[in-house]
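Here you go, sequence then predicted model.
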Amino acid sequence: MANGGAAHPQSAGVLVLAAGQSRRFGRQKLLQPLDDGRPMLLHTLSLAESLGLPVTLVTDAGQPELQDLAQGSAANVLPVEQADLGLGSNLARSVAACSHWSGWLVMLGDMPFINRATLRAVMAQASVENIVVPVCRGQRGHPVWFGRSFRERLIQLSGDQGGRGILQSCRDRVMELVVDDPAIHWDVDTPAELQQLLAIRSTR
């Protein structure tokens, strides 16, 4: 982590939000095998675990198959009730459950293609006082770091907006980190999108 309000890296952690309903995909997309045969969720968890920090996987309590899939990983599983309340609600509950951390790197379960170097670059700028957002080609993406000073704002989130409102209201504490990684924008919503992204990745 960067100096200036920074805490030891090992006191931070990664939240992998995977409690969505995959309605547009037509089935649970996080179970979908990628080109090596491993489910999408395991790719994302492997990416999260590459930082060597604690990882908490946030799942819908009504989808035990995701919880079972994560048993072979190092992640702690946090099943949430009423996961359909939205991304903001799920983020609030996961931050509250991991409130002892010095900050939270928030990842989405359906974004398995981000470069590991991008995660390391974000964490290299992280402190308890800032928000770090990767930017590629002028557009913000994921994952997003929230330092501990934003804990109260995070646990008050509700609905489906996520942390976007916090970024807007705390602009002076947001660091935009330019990265050469278009995958920070690549979330998977449909089978067609997945095939397109796999094809793009094969040419990178």
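All right, it came through fine. Numbering: from 1, shown residues only.

you'd agree residue 57 is in a strand?
Yes - assignment of residue 57 by DSSP: H, G, I helix; E, B strand; the rest coil places it within a strand.

Look up how far residue 130 lies from it.
25 Å (CB to CB, to the nearest Å). (Each C-beta comes from the backbone N, C-alpha and C, glycine too.)

How about residue 112?
With the distance defined as CB to CB, residue 112 ends up 26 Å from residue 130.

Residue 57 and residue 130 - which one has more neighbours?
Taking neighbours as other CB atoms under 10 Å, residue 57 and residue 130 compare with residue 57 leading, 28 against 24.

Now for the closest residue to that one other than its chain neighbours: which residues touch it?
Nearest-residue entry for residue 57: residue 75, 4.4 Å, with adjacent residues in sequence omitted and distances by CB to CB, 6 or more residues apart in numbering. Residue 75 is in contact with 16, 45, 48-49, 55-57, counting by CB atoms under 8 Å, 6 or more residues apart in numbering.

And residue 10, what's its pLDDT?
pLDDT for residue 10: 54.

Any chance you could list what contacts the lowest-mean-pLDDT helix or strand in the chain?
Least confident helix or strand, the chain: helix 191-202 with a mean of 84, by mean pLDDT, DSSP states H and E. Applying CB under 8 Å, 6+ apart, the contact partners of helix 191-202 are 25-26, 29, 32, 34-35, 113, 183, 186, 188.

want to throw those into CSV with distance to residue 67?
Formatted as CSV, these follow (distance: CB to CB, whole Å):
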residue, distance to residue 67
25, 19
26, 21
29, 16
32, 17
34, 20
35, 25
113, 23
183, 26
186, 25
188, 20
